[in-house]
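Trainee: my questions concern the predicted model and sequence given below.
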There are 2 protein chains.
Amino acid sequence: MTTPPAPRSLLDESRLDGILGYAMARASVTTTRLFNRSVGEPLGLRPVEFTLLQLIEANPDTTQKHLCELLRMPAPQMTLILDRLLERDWVRRERDQKDRRTLRLRLTEEGSRLAAQSVEALRDGERALDKLLSPGERTLLRELLVKIAG
Amino acid sequence: MTTPPAPRSLLDESRLDGILGYAMARASVTTTRLFNRSVGEPLGLRPVEFTLLQLIEANPDTTQKHLCELLRMPAPQMTLILDRLLERDWVRRERDQKDRRTLRLRLTEEGSRLAAQSVEALRDGERALDKLLSPGERTLLRELLVKIAG
DNA sequence: TATTGTTATACTCTATAACTATA
DNA sequence: TATAGTTATAGAGTATAACAATA
């Protein structure tokens, strides 16, 4: 005798059981909320701004094109987001001297500090997931997500 | 002697390695693209419209409030989405006779057909993931996502 | 001609406040 | 006074076309 799984809500979601995109969308509500509480609201950063700070910090002199490709983001959007980061003096854009079409990106000192502070805050915030996942489950989840990421 | 993992891109993402929200965001690019190709573009459905069709089909006479709670969506957004589904004659809204504040939702016959057709199309579309995940991995991934979904 | 990036624009998504009607 | 839902509105996210500068 097996008992049916306890429903997570009053509504029957079983038609969507096999749909991975639905499970992803439901789960990302949780990770988005954790981001907003630990980084978004206290530090005034949006998810994509946070991500760009980390990527530019780890990849000094990268170009907007490379970032667009990695994040699958259209170039005009990247321009606008970087405009905001420049305005707040967290990022510098400099022309490449050999190919004057490309712009190379670096964090300012303040941007660098914010990158470190925000990633630390998010690591702290995501510790709330320890109540839901064991360390092994969390590692496994990350590995499975990496497998399906483009 | 171990070899370092092959980079997925030319950019170093290691600062974001421990961040589950980042892995979620990257992976959802893939599932979103699969949705758009198999359901969004051919059937003219947005993700949330697809989801509502499935949930209303499985839960006839449910209310907007219940759907908002499950999907953690503000009520005004639900109103607008349902307006579009009503306009296309896929959903009916009827006043509850006992509590005339609440509206009870049902699919029309055409809505019901579309719900079945679209969920089948998405199951087909998500078979592309079989190249990236084994059946066991896929089941595991879904279970781990359900654990962190609010 | 092709590439990097910008400007302009439009459409969708999300969140909030103020409102109507029922209870 | 509280609840279900709507209207109005604004801000953020996303996509595309047309453009400028450089190669």
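Mentor: Nice, thanks for sending it over.

Trainee: got the contact list for the helix or strand where residue A:80 lies?
Mentor: Assigned by DSSP states H and E, residue A:80 belongs to helix A:75-87. For helix A:75-87, the external contacting residues (CB atoms under 8 Å, 6 or more residues apart in numbering or on different chains) are A:48-49, A:52-53, A:64-65, A:67-68, A:91-93, A:105, A:111. (Glycine included, C-beta is placed from N, CA and C.)

Trainee: touching DNA strand C at all, that helix?
Mentor: Yes - Helix A:75-87 lies within reach of DNA strand C by CB under 7 Å from any atom of the strand, at A:75, A:76, A:78, A:79, A:80, A:82, A:83.

Trainee: how much space between the fifth one and chain B?
Mentor: This points to residue A:80. Distance, residue A:80 to chain B, by CB to the nearest CB, to the nearest Å: 18 Å.

Trainee: interface residues of chain A facing DNA strand D?
Mentor: So far as CB under 7 Å from any atom of the strand goes, chain A lies against DNA strand D at A:46-48, A:73-77, A:80, A:98-101.

Trainee: do that again at 6 Å, thanks
Mentor: Chain A comes close to DNA strand D at residues A:46, A:48, A:74, A:76, A:77, A:99, A:100, A:101, as judged by CB under 6 Å from any atom of the strand.

Trainee: grab the nearest non-local neighbour of the second one.
Mentor: The shortest distance from residue A:48 to any non-neighbouring residue, by CB to CB, 6 or more residues apart in numbering or on different chains, is to residue A:81 (5.8 Å).

Trainee: residues near that neighbour, how many?
Mentor: 20 (other CB atoms under 10 Å in any protein chain shown).

Trainee: look up how far chain B lies from residue A:129.
Mentor: In this view, residue A:129 and chain B are 6 Å apart by CB to the nearest CB.

Trainee: same question for residue A:127.
Mentor: As for residue A:127, its distance to chain B is 11 Å (criterion: CB to the nearest CB).

Trainee: what do you get for residue A:56?
Mentor: Residue A:56 is 10 Å from chain B, by CB to the nearest CB.

Trainee: can you read off the pLDDT for the closest residue to that residue other than its chain neighbours?
Mentor: Excluding its sequence neighbours, the residue lying closest to residue A:56 (CB to CB, 6+ apart) is residue A:105, at 5.0 Å. pLDDT for residue A:105: 97.

Trainee: out of the residues of helix A:75-87 next to DNA strand C, grab the one that's most surrounded.
Mentor: Of these, with other CB under 10 Å as the count, residue A:82 tops at 20 neighbours.

Trainee: still on that earlier bit, filter the contacts of helix A:75-87 to the buried ones?
Mentor: If you count burial by 16 or more other CB atoms under 10 Å in any protein chain shown, the buried members of those come out as A:49, A:52, A:53, A:64, A:67, A:68, A:91, A:105, A:111.

Trainee: which pLDDT does the model give the second one?
Mentor: Looking at residue A:52, its pLDDT is 97.
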